[in-house]
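Trainee: Need the 3D shape of this:
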Amino acid sequence: MRAHLPFRLIRTAAFAAVCVLLAALAHWLSGGSRPPPWTLPAGGGAVFGLAAALGGRERSPAQVGWLLVAAQLGLHELFGGDGTGYVAAHIHGQGLGEALGMLVAHLTATLLTGWWLSRGEAALWALLRRLARRLLFPRPVPARPAARPPVPVVRVRDVPPDPAVRHSVTRRGPPLPA
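Mentor: Residues are numbered from 1 along each chain as shown. Predicted structure coming up:
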């Protein structure tokens, strides 16, 4: 199933926002500096462009994960600031613990974002398939069952007893054994 442009742009915007905001938060909380304000829209635009180009059809969780790893690496470079090979300088210029913390934070953001987005992607495509199936192949309206003929109402008139037999005893049933 392929996504048309308005739907693709909505999915792409959600992907880019989640990816960039989680990367910025993970970068900041793992010991890096706060990303400069201009990097969030720049990173969002770059991720949006990449996701718009690749978002025309449903992606598997592995594909989403690898795209997120690439996006996180690029965002890490961008959030570093000075633009001069920040990953190499960051790992070698600072202690191994801080570099490892940054790597763990970005990988955690990647795993969480990948899981969340792939589950959302699967649910969204399942919903769209079900909706398309319902619109293209509507269920036939069940025919109304034929109405049963009305049951005739039998009216019984209560006949008053004959005055001659009014005081007689009537018993129904076989005679009692002697």
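
Trainee: what packs against the helix or strand containing Ala123?
Mentor: According to DSSP states H and E, Ala123 maps onto helix 96-136. Identification of packing neighbours for helix 96-136 by 3 or more C-beta pairs under 8 Å, 6 or more residues apart in numbering; DSSP states H and E yields helix 5-29, helix 61-80, helix 86-93. In short, each C-beta sits where N, CA and C put it, glycine included.

Trainee: same thing but 6 Å
Mentor: Under the contact definition 3 or more C-beta pairs under 6 Å, 6 or more residues apart in numbering; DSSP states H and E, helix 96-136 sits against helix 5-29, helix 61-80.

Trainee: For Arg139, find the nearest of the ones you listed.
Mentor: Comparison of the helices and strands packed on helix 96-136 against Arg139 by C-beta to C-beta identifies helix 5-29 as nearest, at 25.1 Å.

Trainee: Can you mark which positions in that closest one are buried?
Mentor: Neighbour counts over helix 5-29 (16 or more other C-beta atoms under 10 Å) mark 8, 11-12, 15-16, 18-20, 22-24, 26-27 as buried.

Trainee: Check stretch 162-178 too.
Mentor: Buried residues in stretch 162-178, counted by 16+ other C-beta under 10 Å: none are found.

Trainee: One more: stretch 115-123?
Mentor: Buried residues in stretch 115-123, counted by 16+ other C-beta under 10 Å: Leu117, Ser118, Glu121.

Trainee: again, but for stretch 39-56
Mentor: Buried residues in stretch 39-56, defined by neighbour count with 16+ other C-beta under 10 Å: Thr39, Leu40, Gly43, Gly44, Ala46, Val47, Phe48, Leu50, Ala51, Ala52, Gly55.

Trainee: ok, so of the buried residues of helix 5-29, who is nearest Gly173?
Mentor: Nearest to Gly173 out of the buried residues of helix 5-29 is Arg11 (C-beta to C-beta; 84.1 Å).

Trainee: got the contact list for the closest one?
Mentor: Each residue near Arg11 by C-beta atoms under 6 Å, 6 or more residues apart in numbering is listed here: Gly55.

Trainee: and it, how far is that from Leu67?
Mentor: Counting by C-beta to C-beta, to the nearest Å, the gap from Arg11 to Leu67 is 13 Å.

Trainee: Name the nearest of the buried residues of stretch 39-56 relative to Gly80.
Mentor: Among the buried residues of stretch 39-56, and counting by C-beta to C-beta, the member closest to Gly80 is Thr39, at 9.1 Å.
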